[in-house]
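**Student:** Got a predicted structure here, sequence first:
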Amino acid sequence: MRRRTVFRVLVPGLLIPLSLGLFAFSLPWTRGSNDPGNSVVHAVEGIETTPSPQPAMNVLKEENDVVQWWTGVATATAPTPTPVPTIEPPSEVAAAELPYAVPPQGVAYGPDERWIAVDVTTQRAYAFIGGKAVYEALVTTGRPGFETKPGDYRINYRKQNETMDSETIGIPRDDPLGYYLTNVLWTQYFYPTVALHDNYWQPISVFGHVASSHGCVGMLEDDAKWFWDFATIGTRVVVYQ
């Protein structure tokens with residue numbers, strides 16, 4: 001009985017300190033025990049520390065930095081597109097202007113004469129019967145260095161389908177200004193190397209705006225065909241500015 005009593009007294013007395021020691025030893029290894037920002041309940045002291053807001057602020061700052069970085073990447077790789085200017089169809093522009101077209105000053109003409117006027121300043125060509133304009137086209141005339149010279153001319157040669165070669169005007173084909181153009185339609189020469197004709201190789205934006213040719217009066221195909229049907233050998237072409 002004495003041994004049993006001693007055992008019952010000693011064993012619980014040893015187990016309680018050992019349990020407290022193991023519990024205290026395990027606290028530093030719990031989650032967040034080494035992080036001053038986390039709340040830790042100290043079993044021995046019974047005190048709860050207040051968490052620091054710094055780690056949360058760091059996380060928010062990093063998230064903002066990531067958002068700003070992605071925004072920068074998106075802005076750099078997807079710039080705002082430049083608006084493309086709207087170009088009015090040349091035929092609509094010409095139709096709107098036609099009622100106000102008048103013959104160039106100082107030019108004489110017969111009351112029923114069919115003649116053509118080319119304004120190199122505005123890049124327009126007009127068909128007149130007497131003093132009345134019956135058709136207008138937006139054109140592209142000679143660029144600087146190859147200007148379409150003002151004067152009073154007559155159509156002297158016509159070819160429905162022409163091949164134009166820069167060598168005929170002294171420019172090699174491989175020169176930066178050289179050219180070799182096939183299937184140029186509705187060509188009407190009024191000077192040895194200068195003609196009214198279809199110009200299919202220039203963008204529509206040049207017609208009525210930019211002088212781009214080597215001296216000829218380039219037109220859109222429908223306009224060139226209209227002037228082909230209107231004129232003939234001997235039709236007068238007045239170039240002015």
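**Tutor:** Received the coordinates, thanks.

**Student:** Would you double-check that residue 147 falls in a strand?
**Tutor:** No - under DSSP: H, G, I helix; E, B strand; the rest coil, residue 147 sits outside any strand and is assigned coil.

**Student:** OK, contacts around it?
**Tutor:** Counting by CB atoms under 8 Å, 6 or more residues apart in numbering, residue 147 touches 120, 141, 211, 215. In this view, the C-beta of every residue, glycine as well, is placed from N, C-alpha and C.

**Student:** same check, this time on residue 101
**Tutor:** 124, 126, 133, 136.

**Student:** ok, now residue 87?
**Tutor:** 204-205.

**Student:** Show me which positions of the lengthiest strand in the chain end up buried.
**Tutor:** Looking across the chain with DSSP state E, the single longest strand is strand 180-191. Within strand 180-191, the residues scored as buried using 16 or more other CB atoms under 10 Å are 184-191.

**Student:** Run through the neighbouring helices and strands of it.
**Tutor:** Applying 3 or more CB pairs under 8 Å, 6 or more residues apart in numbering; DSSP states H and E, one finds that strand 180-191 contacts strand 151-154, strand 157-165, strand 194-198, helix 221-230.

**Student:** Kindly export it (C-alpha atoms) in PDB.
**Tutor:** Coordinates of each C-alpha in strand 180-191 appear next as PDB, following Å, rounded to 0.1, in the frame of the first residue of the first chain:
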ATOM      1  CA  TYR A 180       8.100  50.600-117.100                       C
ATOM      2  CA  LEU A 181       4.300  50.600-117.100                       C
ATOM      3  CA  THR A 182       2.100  48.300-119.200                       C
ATOM      4  CA  ASN A 183      -1.600  48.500-119.900                       C
ATOM      5  CA  VAL A 184      -2.000  52.200-119.400                       C
ATOM      6  CA  LEU A 185      -5.500  52.800-120.800                       C
ATOM      7  CA  TRP A 186      -7.100  55.700-122.700                       C
ATOM      8  CA  THR A 187      -3.900  57.600-123.500                       C
ATOM      9  CA  GLN A 188      -4.300  60.900-125.400                       C
ATOM     10  CA  TYR A 189      -1.000  62.700-126.200                       C
ATOM     11  CA  PHE A 190      -1.100  66.500-126.500                       C
ATOM     12  CA  TYR A 191       2.700  67.000-126.300                       C
END
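
**Student:** what's it in contact with?
**Tutor:** Identification of contacts with strand 180-191 by CB under 8 Å, 6+ apart yields 149, 153-166, 173, 195-201, 215, 221, 224-225, 227-228, 231, 235, 237.

**Student:** Mind giving me the PyMOL command for buried ones among those residues?
**Tutor:** In PyMOL syntax, the buried subset of the contacts of strand 180-191 is picked out as below (16+ other CB under 10 Å):
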select buried, resi 153+155+158+162+164+166+195+196+197+198+199+215+224+227+228+231+235+237
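
**Student:** residue ranges for the strands of this protein, please.
**Tutor:** All strands of the chain, identified by DSSP E, fall at 114-119, 124-129, 132-138, 151-154, 157-165, 180-191, 194-198, 217-219, 236-240.
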